[in-house]
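>>> only geometry, no sequence info:
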């Protein structure tokens, strides 16, 4: 691509080394890990401060340049990848990676948007606190992207989505103006809660440059069990029992099918089967407490003992130490990654009411297997909050491209069943480019109109991540 005439002017704002125009330098920013989207850009910009972000966005606004904000590039719906048209500038937040302040007594931390999630977790641990957001990509995803997509993860059951963890934000608006809303107040009832517009906004309304976040007491005692059972109906009954007895001490409850565990055993380094026999379905259950005195192990044993007596559980393995807890979670967190080694996988990030998960799975599994005989459904995820990653791997030996060509048809089948259960077609991954065409089918006219009005009010030129969430 011919060098943009704007590159040198922007280089004066953020330094020539932070304006990437060479295709080799740009390559990591132009594709995502599932290879669904590959983009073209005249330049990748890497500002290092909020003021530099503001300067770049101001220049872009004055010159009608489209901007695609990008964090750790781990998004799953293509919102962070530029179009192939070549007229969208990628603005990477990776250099905004400073921890601005930690308030252990007030249980808050303020960080810039490019801080990697795992780094944030470690900073909290240094002051004996917990930042609970936990994702498979936590070693590379960045908190700004997590907030922009309202990431979910495995701790939603106990701590809520990312939205529930945010106290305040610093935003560069599409005009280049800076809004400093970095408050750490737990109560602030002074009008509209503006930060909520940008949480889950996927960079379409402004760029998050920093955030004030909640911290929690660090668990002092933690127990985990890997449980084999016959079907999701038994899993739901076990969840109800565990939630009733453990309450907020229940901090993890994840469901996995046997085929997903087998994928991990075949392709995930260090994975081993926690149970001797094979089971159709598995649950990873975690209990934790901030008190050394709380009898977490006794509670876990009591719940599973009752479940065994009722015939809900076929077998279970208790983690004997923290290393085994991590081994259990290694399997769960690796379940998305290993599907790539099994060929094409058609993805669905859905949620339905918790009580309907077994019935949804029964119906959806039967429907996709009828549509593509011998396909391999790999539904897994957060049964405790109703979010299932209903992924479907290709039949063994099938042509990958021919299988993936059925993506839209299979989506239509699965999303139709989701609608029957009053669920959502995007539980935690967002809309991005992948699902922007589907939004009008699941939102009312007034909802679509309100979103368009908000977009128009904040981004009148339509330059901020255009075509994501709302179609152009």
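Everything's here; your move. The structure displayed is predicted, hence computed values, not measured ones.
>>> what mean pLDDT does stretch 138-158 have?
On average, the pLDDT along stretch 138-158 is 95.
>>> try stretch 82-90
Averaging pLDDT residue by residue across stretch 82-90 gives 96.
>>> which of the residues in that stretch are buried?
By neighbour count with 16 or more other CB atoms under 10 Å, stretch 82-90 contains the buried residues 82-83, 88-90. Quick note: C-beta positions are derived from backbone N, CA and C, even for glycine.
>>> any idea how far that stretch is from the chain center?
Taking CA atoms, centre = their mean, to the nearest Å, one finds the center of stretch 82-90 at 24 Å from the center of the full chain.
>>> next up, the contacts around the most centrally placed residue in the chain.
Taking CA atoms, centre = their mean, the centroid of the chain lies closest to residue 151, which sits 3.8 Å from it. Listed by CB atoms under 8 Å, 6 or more residues apart in numbering, the contact partners of residue 151 are 133, 135, 141, 145, 161-162, 428.
>>> ditto for residue 14
Contacts of residue 14 (CB under 8 Å, 6+ apart): 45-48, 52, 55-56.
>>> out of those residues, which sit inside helices?
52, 55-56 (DSSP state H).
>>> can you tell me which of those residues is nearest residue 20?
residue 56 (13.2 Å; CB to CB).
>>> all the helices of the stretch 301-450 of the chain, in order from the start?
In the stretch 301-450 of the chain, helices defined by DSSP state H, counting those that start in this stretch lie at 322-333, 335-338, 357-371, 400-404, 407-420, 439-442, 445-458, listed in chain order.
>>> next, format these as JSON lines and append mean pLDDT.
JSON lines is the format used below for the helices of the stretch 301-450 of the chain (pLDDT from 0 to 100):
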{"stretch": "helix 322-333", "mean pLDDT": "95"}
{"stretch": "helix 335-338", "mean pLDDT": "92"}
{"stretch": "helix 357-371", "mean pLDDT": "98"}
{"stretch": "helix 400-404", "mean pLDDT": "97"}
{"stretch": "helix 407-420", "mean pLDDT": "97"}
{"stretch": "helix 439-442", "mean pLDDT": "92"}
{"stretch": "helix 445-458", "mean pLDDT": "97"}
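>>> deepest in the core, which of these is it.
Compared across the helices of the stretch 301-450 of the chain, helix 335-338 shows the largest average neighbour count, a mean of 20 (mean count of other CB atoms under 10 Å).
>>> contacts only, for residue 170.
Residue 170 makes contacts with 50, 178-182, 208-211, as judged by CB under 8 Å, 6+ apart.
>>> contacting residues for residue 431?
Contact partners of residue 431, counting by CB under 8 Å, 6+ apart, are 77, 79, 202, 438-439, 468-469.
>>> if we ignore the residues flanking it in sequence, what's nearest residue 410?
Counting by CB to CB, 6 or more residues apart in numbering, residue 410 lies nearest to residue 346, which is 4.9 Å off, once chain neighbours are set aside.
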